[in-house]
Structures are given as structure tokens and as C-alpha cells.
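Asker: Quick one, fold the following:
(chains A and B)
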Number of protein chains: 2
Amino acid sequence: MNIEEIRREDLHPGKFIEQQVREISSTVRSELAINALSGGVDSSTVTMLGHRALGERLKTYFIENGLMRRDEPRKIASLFAGLGVPVEIFDAREQFFDALKGLTDPEEKREAITQTFYRDVFGELVRESGARYLLQGTNYTDVEETVAGIKRQHNILEQLGIDTEEQYGYTVIEPLIQLRKTAVREVAKALGLPEEIYTRPPFPGPALAARVIGEVTPERAEIVRGATEIVEEELCDTGTFQYLAILHNDRVTGVRGGKRDYGFQIEVRCWDSKDAVTGSPTRLPYDVLDRLAKRITTEVPGVVSVTYNITRKPPSTIEAV
Amino acid sequence: MNIEEIRREDLHPGKFIEQQVREISSTVRSELAINALSGGVDSSTVTMLGHRALGERLKTYFIENGLMRRDEPRKIASLFAGLGVPVEIFDAREQFFDALKGLTDPEEKREAITQTFYRDVFGELVRESGARYLLQGTNYTDVEETVAGIKRQHNILEQLGIDTEEQYGYTVIEPLIQLRKTAVREVAKALGLPEEIYTRPPFPGPALAARVIGEVTPERAEIVRGATEIVEEELCDTGTFQYLAILHNDRVTGVRGGKRDYGFQIEVRCWDSKDAVTGSPTRLPYDVLDRLAKRITTEVPGVVSVTYNITRKPPSTIEAV
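Answerer: Below you'll find the model as predicted:
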């Protein structure tokens, strides 16, 4: 790997922004560029950099895949509209859930989402747009983990399974590739993005599908969406690196109204970490854990059990799927 | 239900023992009785009561089903030998694992174990022995939860699916049926059973099979046995009501030697409870949770993730299966 990290302590956000805006401008020149915004800190930062460099020559889509947080498409589009950046929401829920039907293997689910995203949905939008440049939020940890075989990053060229650069003339621009998450947050802040964006916990590429063990159906996505909402509400002020809810496939015994009730289990994870490379479970007060369990079992239909991850990374990973 | 509880505060262990011994003697008279000892506080107490009442006219078996804690058959038999109570170990591992093959539904697993135990293994031993009385450790909470439909207690008569009393002339004697667990512990102590027995955490009827979500194979029983040993070593001095390890069927992503590794997840539960009717997760120090996770992921092959239950009963139950 010949990409060199810019460490947070060596980063001058203002200079970095200036340099990246210049580079995007000089690469794209008078052509069109396109990007997909998920609302995460990486894609939000890339959107702002692209917007500064290209103005309306950047076309930004929010792909509604049915796997985002509650109300996320509308919230994010309206937040960016407020910053003067137009974002178009593209409804692709049916395509994603069709592609996920019957799949339980994590790799197959990932692959289905990636293919649906790049080949069927975003790929089509790119072709329609006439854009020759794609802006991507790949960061340094993604690259490192892809090299190590831990993660598969969304490198669009390889993911499409075709040499798009030759075949279609796409060029991928990855302005954040030298930064880890904490450095990206600094850049996001310096770009004037609101705190809810630059302190946003990381959200995986496959979105809530990465938080569902077993088949991802609209119903199961809804359960994990409900649990995610509660976990994020309760833990957003903890200042921790990341917090998440995972819907398990295993059913466990519960009891409701004095009767046995097999139900769902949600696993909560909350991480202390600098860079996602290593991490340890946050030592949350038990009152907080108790409130999480009560709210999730009360407010999310069918959930009878909540656990808290107590394993460090390694040997755990941040996400479960 | 017309069984009346004897509350712990109303219990006089000495009088209770005297009364039960007299009742067992007068019921069994000069006949033979038989019982199965698992080493739990209930069956240990029943064994001692039966031994006091009947001496060598009580035949006690330890059924080795491959689902007990590590070394348990040998340990328990030798402990009772030291108290002058002969216990015969009967190796039925093959029968149990054959019966469990391919089963994943909790009810079907429970049923397979119950049928193998009562009909194939213990049933056969009863018939061979010529005993007309069976001593059973059913307690008040078991009865209550059976009535409520939360649990299915091992009522041998119904479990055998035949009217054994009419057909074979068995009579079931349940000396602990008016006591909850804490009262049983008092009786056990007064009977001179050692502390490791009367403070023993409850162990479910289906033993480690109740701690395995999904298929119970010899290999998976071994994994949960390893985790159980660590949990019991680390938590035995906490004075809590019960602590246990559950092997999940879901695989989660882990990382070993820098490479992705799908592995097993163990859920740890530790309960504060008076009577198992309600309970809340013990607020264990995080150093203890961290040590549990480290030991389990290091010492038990294939385990990459450990969680801690944070849900109260209800809506959770004490056990997961």
C-alpha cells in the first residue's frame, strides 16, 4: 500500500480543504461529477468538498435503500438543502429488498447490496447523468482493512466487476483516502457541517443490513431501525466512538403476561476507540444499560432480550456482520 | 393449584427433614425406591432425604448424558460416596446425542431429552430395578411455572405419556414441592451437604442443552461446557442467584491475526433474584466482564465474541432456551 496517512496531529483542516478542492477542480475541469450521500461523516465531507470545488457540476444522490435510520433520507436532504447543496432522493427500496430476499450469508448479503447499489441503482444513475467522475468517501482505515482482508471496501471499479475506467471512462476521486475517521471529523467541522454530522457515529456501507444477522426483510429492517433509534438517542451524548444495535437471528425465550414468548434479541455495542483498528466496550453505567433494555423491549415489537457486547476488538470487530 | 408454599421464613429445616423422612419411610415401607441425581441442590437434597429414610433401599443413579459440567459425574459420585451415599454413574451419552441430532427447535430438543431420559434411560433403569417409588426434586417454582405455561416440569407421569401409576405401579414422591430454591438450600445445609452443593447455581433439567441455541452436538456441548466452567469459576464468589453461559447459533465476525474470522458468540447471564420469578442482571464490575470476555475468547476454541445480558425477567427468562 503506497497511500500515506495524514495523522490527525499533522492535519491542518483549512489547508487540507483548500488542497482537495483545488485537486477536484483540476481533475474534473468542466466535466460533471456525481456522488452518493448517505449522511455519514465520510460521504457528507466528500459532498461538501465536491460542492465547493464544482458547485452545480456535482450531482448528489441520496439512495433510499430501506436500510437507513428512521427518516434519514428526508432529514439529510433537508440539512444539505439548508447548506445550499441540492440532494436528490432516489427510492430504490424494492430493488434492495428483492436482492436481499432469502440471503443469510453475510458475504452474499454484502455482495447483493453492493451489486444493487453500484450496478443496478447508482450505476444506472451515473450512466444517465453523463458524469465522468465519481466522488467516494473511502478513508485510510477502509483501505488498510481491505488490504488486510478484514473488510471489503466499496472500490467501485472492482465492485462493478468491470474495468469501468476503460469501458465507460469513469474516474474515481477519493479525497479522504489519507485520513482516519477522527481526522475526517476535523475536516467536516472545518467545512461548516453541523455537529450532528461531524460527531455522527460511523454507519456501515450496507447500512442496517450490517446490523441484521440472518435474512434482511423489510420487517426485520424495521425492528433493527427501532432499536437503533433508541440506542442512538440514549448514547449520543456519551462521546464514545460508535454505538449500534444488532438484530440476532437466534430466538430466545421470554415471558410476557405470564406466558412463554419466543422473541427477538438485540445486541447493543458501544465502543471506545481512536481509529476503529482496536477498541474496547465502553463502561456504560448500569442505569444506562437498564434503560436501554427496558426501552428496547417495550418500544420495539417482538424483542424480549437485550445484551451488551463485552468483547474487545480484537478478537471482536466493531460490527457483527 | 392446591399445593401450599412453605416460605423460607416459616421453614424449620430440622422439623421439615424429620417430617419428610418419616413420610418417605411410611410411603415406601419395605419396598425399593429409585432416584436420579444430577448434583443440583434439588436432586442432592432429595437424595439425602431418601437416603436417611431408606438407606440402601434407595438406588441413586447419575445419568451421564454428555450435557453436564466438566467432570461432573465423577465429582458428584465421589462427593456422595464421601457422605456414605452410593451413586452409580450410567453412561448414556450416545443415546442423548443420537436423540438430539438435527434438532434445533427448543421444544423438540427438550422433548428429545425428556423422552431419552425417562423412557429410554431412566425408565429402563426403573423397570430393571423393581423399584415402585421414584423420588423427584420438583420444587414450588417449577410447579408454578408449569401451571403458568412458562416451563414444562419433569412430571414423570405425564412426561412418559402413559399412566404409569396404573400401568406399572410407580408412585412419584416429591418432597420439595412446597419449597422455593432458597428454602431448599436451607434444607440442604441442614442435611449436612457441603457448601458447594447448597450454594450451587441452579442448572436446568436439559442441562447444557438448555445453554445451546440451535443443534446440540458433542462439539457444541464441549464449547458451552468450556464457557460454563470459566463463568462459574469467575462468578462463584459473587453471591448471585445464578450465572450461566449460552452458546448462540448465530455466527458473528471476529478478527484473529489480522484476518476476518467468523466465530461463535457466548452470552453470559448473571442474575440477582430471590426466587427465579423475577430477576435483574447483576451489576458486575466491568473488570470482571472484561476478564470473562478475555478468558472465554482465549480459552474456548472458536469463540470470538461475548455479550452480557442486560434484560430483566420479565420480559427475559433466566435461561435462553
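Asker: Pairing partners for the helix or strand encompassing residue A:270, with directions?
Answerer: Assigned by DSSP states H and E, residue A:270 belongs to strand A:259-272. The pairing partners recorded for strand A:259-272 under DSSP bridges are strand A:242-256 (antiparallel), strand A:280-281 (antiparallel), strand A:303-309 (parallel).
Asker: which of the residues in that strand are buried?
Answerer: For strand A:259-272, a neighbour-count test (16 or more other CB atoms under 10 Å in any protein chain shown) marks A:260-261, A:263-272 as buried. The way it works is simple: take the backbone N, C-alpha and C, and place the C-beta from them, glycine included.
Asker: Point out the most buried one among the strands paired with strand A:259-272.
Answerer: Of the strands paired with strand A:259-272, the one with the most neighbours on average (mean count of other CB atoms under 10 Å in any protein chain shown) is strand A:303-309, at a mean of 27.
Asker: average pLDDT for the strand holding residue A:270?
Answerer: Across strand A:259-272, the average pLDDT comes to 94.
Asker: Surely residue A:123 is within a helix?
Answerer: Yes - under DSSP: H, G, I helix; E, B strand; the rest coil, residue A:123 falls within a helix.
Asker: So, low pLDDT: which residues of the stretch 101-250 of chain A?
Answerer: A:148-169 (pLDDT under 70).
Asker: how about the strands of it, start to end?
Answerer: Along the stretch 101-250 of chain A, counting by DSSP state E, counting those that start in this stretch, strands occupy A:133-135, A:171-173, A:242-256.
Asker: helix/strand/coil for the residue nearest to residue A:208 when sequence neighbours are not counted?
Answerer: In space, and not counting its chain neighbours, residue A:208 is closest to residue A:67: 4.3 Å by CB to CB, 6 or more residues apart in numbering or on different chains. With three-state DSSP as the basis, residue A:67 sits in coil.
Asker: List the residues that contact residue A:67.
Answerer: By CB atoms under 8 Å, 6 or more residues apart in numbering or on different chains, the residues touching residue A:67 are A:96, A:113, A:206-209, A:216, A:221.
Asker: separation between it and residue A:34?
Answerer: Distance, residue A:67 to residue A:34, using CB to CB, to the nearest Å: 21 Å.
Asker: Of the strands paired with strand A:259-272, give the one that comes closest to residue B:133.
Answerer: Closest approach to residue B:133 among those is made by strand A:242-256 (33.0 Å; CB to CB).
Asker: Just the CA atoms of the closest one, as PDB, please.
Answerer: Extracted in PDB, the C-alpha atoms of strand A:242-256 (Å, rounded to 0.1, in the frame of the first residue of the first chain):
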ATOM      1  CA  GLN A 242     -19.500   4.200  18.000                       C
ATOM      2  CA  TYR A 243     -22.700   2.700  19.200                       C
ATOM      3  CA  LEU A 244     -25.000   0.300  17.500                       C
ATOM      4  CA  ALA A 245     -27.800  -2.200  17.800                       C
ATOM      5  CA  ILE A 246     -27.700  -5.700  16.100                       C
ATOM      6  CA  LEU A 247     -30.800  -7.900  15.500                       C
ATOM      7  CA  HIS A 248     -29.900 -11.500  16.000                       C
ATOM      8  CA  ASN A 249     -31.400 -14.400  14.100                       C
ATOM      9  CA  ASP A 250     -31.500 -16.600  17.100                       C
ATOM     10  CA  ARG A 251     -34.700 -16.500  19.000                       C
ATOM     11  CA  VAL A 252     -34.600 -16.700  22.800                       C
ATOM     12  CA  THR A 253     -37.300 -17.500  25.400                       C
ATOM     13  CA  GLY A 254     -39.000 -14.600  27.100                       C
ATOM     14  CA  VAL A 255     -42.100 -14.200  29.100                       C
ATOM     15  CA  ARG A 256     -45.000 -11.700  28.600                       C
END
